[in-house]
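K.L.:
output the structure for:
(4 chains)
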There are 2 protein chains.
Amino acid sequence: MTETVGETRERIVAAADALFYARGIQAVGMDEVRTAAGVSLKRLYAEFPSKEQLVLAVLASRHQQWEGGLAQAAAGLEDPRQRLLAVFDFLEAWFRDDTFRGCGFVNAFGELGATSPAVAGAVREHKQSFQDDIARLAVEAGADESLGSQLALLAEGAQTTAAIAGRADAAEQARRAADVLVAAALGPR
Amino acid sequence: MTETVGETRERIVAAADALFYARGIQAVGMDEVRTAAGVSLKRLYAEFPSKEQLVLAVLASRHQQWEGGLAQAAAGLEDPRQRLLAVFDFLEAWFRDDTFRGCGFVNAFGELGATSPAVAGAVREHKQSFQDDIARLAVEAGADESLGSQLALLAEGAQTTAAIAGRADAAEQARRAADVLVAAALGPR
DNA sequence: TACACTAGAGAACGAGCGTTCTCGGCGCAA
DNA sequence: TTGCGCCGAGAACGCTCGTTCTCTAGTGTA
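P.N.:
Next comes the predicted model:
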């Protein structure tokens, strides 16, 4: 039953991610991460020399999941316009998840953005990457990038609203608004 | 040079608000609030029996400022459609403020929403109030409430985006999108 | 068997924080 | 003037947390 170093890292990151996301980063101690990951403190600190490094790894992992989920939502759709709107279906499924508690990056930014430049940078990069993705989809659909920016605002707002009001239908509202914006930019279907 | 109890409270709340907003709530200790407010710890705890109470007072004060700013932005505008869009002008001015660091309620929610039901509730109430305000403006302009929800999503998204990307023009993007949505709901001007 | 090495469990350390307590001085009533 | 109560300053307390250290048991090798 050997285990590679990579598997240990992944287990730690997964455990930390679940805890940080559910309760907030500062509310979770390294001891708790250790327990949840089933790993010794020594090992934990061998993998991540500081809590900040662990947080950055968690954010990196979350970014990959996000990118994968987004790609999967658009995969198989022929119509570029459909691919553009698929973002909101992806969001809706996420909002309905019991563990949903808003965008982990936004939460981390609010909590640590002011004190940790590294965390702030990671959050910025993630959001920029989302902007780029959706701008690319907009261009592929025949619109210009500003449509992407506008849809991104809707997606961000939906995440915040769904998290705070606890209403998953924010995704549907956003999607309806997105329909209007897309139609205005590209002409009705 | 006497000073009323109310003035002391206000001074404490103002100092705490500036510190909490700039650096995060958990990153600021009561000692620092005391120093910034120029008040003794005893007095501080006489006014606010716990840090959570102080946080709630700060959120309440921020809510009042927000409502006042919003009302002021719409004041004097005759056209209800203009009043609806004035939200985004208000946002833009705020985003250009040097101290802008996103929505304080969203930040507080990310930091404490999972551990403090009282804070989570205050944030929820604030956002609900904003939804109600903008829905009322939408109805006054002749649209139905769902237009308000959609514009609220844009406003939320603009706040997040402006905070993280540091780009105040998120307000302008949101306003342009709002123009399209309003025109679609009410017909071109 | 003896030895060197590793790794896990958790104690320990030092700092920071929320909250409370103590002390000393000042104002005020008699 | 004397006693009394209030209030500010900040020390103290108890707890938590990030990080490091110690001790011990187990393993592989000669």
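
K.L.:
can you pull out the helices in chain A?
P.N.:
A:5-23, A:30-37, A:41-47, A:51-74, A:80-95, A:104-112, A:117-140, A:145-165, A:170-186 (DSSP state H).

K.L.:
let me have the ones you listed in CSV, extended by mean pLDDT.
P.N.:
Rendered in CSV, the data for those read as follows (pLDDT from 0 to 100):
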stretch, mean pLDDT
helix A:5-23, 93
helix A:30-37, 96
helix A:41-47, 96
helix A:51-74, 97
helix A:80-95, 96
helix A:104-112, 98
helix A:117-140, 98
helix A:145-165, 98
helix A:170-186, 97
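
K.L.:
mind putting these into CSV with distance to DNA strand D?
P.N.:
The C-beta positions use only the backbone N, C-alpha and C, and glycine is treated the same way. Formatted as CSV, the helices of chain A follow (distance: least, C-beta to the nearest atom of the strand, whole Å):
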stretch, distance to DNA strand D
helix A:5-23, 10
helix A:30-37, 4
helix A:41-47, 4
helix A:51-74, 4
helix A:80-95, 27
helix A:104-112, 11
helix A:117-140, 12
helix A:145-165, 23
helix A:170-186, 32
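
K.L.:
now mean neighbour count too, for the ones you listed, in JSON lines please.
P.N.:
Formatted as JSON lines, the helices of chain A follow (neighbours: other C-beta atoms under 10 Å in any protein chain shown):
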{"stretch": "helix A:5-23", "mean neighbour count": "17"}
{"stretch": "helix A:30-37", "mean neighbour count": "16"}
{"stretch": "helix A:41-47", "mean neighbour count": "15"}
{"stretch": "helix A:51-74", "mean neighbour count": "17"}
{"stretch": "helix A:80-95", "mean neighbour count": "20"}
{"stretch": "helix A:104-112", "mean neighbour count": "26"}
{"stretch": "helix A:117-140", "mean neighbour count": "18"}
{"stretch": "helix A:145-165", "mean neighbour count": "25"}
{"stretch": "helix A:170-186", "mean neighbour count": "21"}
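
K.L.:
how about the nearest residue to residue A:164, chain neighbours excluded?
P.N.:
residue B:127 (5.0 Å; C-beta to C-beta, 6 or more residues apart in numbering or on different chains).

K.L.:
the one you found against residue A:166, yeah?
P.N.:
No - look at residue B:127 against residue A:166 with C-beta atoms under 8 Å: they stay out of range, at 10.6 Å.

K.L.:
contact partners for residue A:118?
P.N.:
Counting by C-beta atoms under 8 Å, 6 or more residues apart in numbering or on different chains, residue A:118 makes contact with A:52, A:56.

K.L.:
OK, contacts around the closest residue in space to residue A:111 that isn't next to it in sequence?
P.N.:
Distances taken as C-beta to C-beta, 6+ apart place residue B:111 nearest to residue A:111, at 4.5 Å, with adjacent residues excluded. Taking C-beta under 8 Å, 6+ apart, we find residue B:111 in contact with A:24, A:26, A:107, A:110-111, B:24-26.

K.L.:
do the same with residue A:138
P.N.:
By C-beta under 8 Å, 6+ apart, the contact list for residue A:138 reads A:84, A:144-145, A:147-148, A:151, A:185.

K.L.:
closest to residue A:52 out of those residues?
P.N.:
residue A:148 (31.8 Å; C-beta to C-beta).

K.L.:
which residue does chain A bring closest to DNA strand D?
P.N.:
Using C-beta to the nearest atom of the strand, the single residue of chain A nearest to DNA strand D is residue A:29, 3.0 Å away.

K.L.:
how many residues are close by that residue?
P.N.:
For residue A:29, the count of nearby residues is 11 (other C-beta atoms under 10 Å in any protein chain shown).

K.L.:
and stretch A:103-119, anywhere near DNA strand C?
P.N.:
No - applying C-beta under 7 Å from any atom of the strand, one finds stretch A:103-119 separated from DNA strand C by no less than 9.9 Å.

K.L.:
again, but for stretch A:38-51
P.N.:
Yes - Stretch A:38-51 reaches DNA strand C (C-beta under 7 Å from any atom of the strand) through A:39-43.
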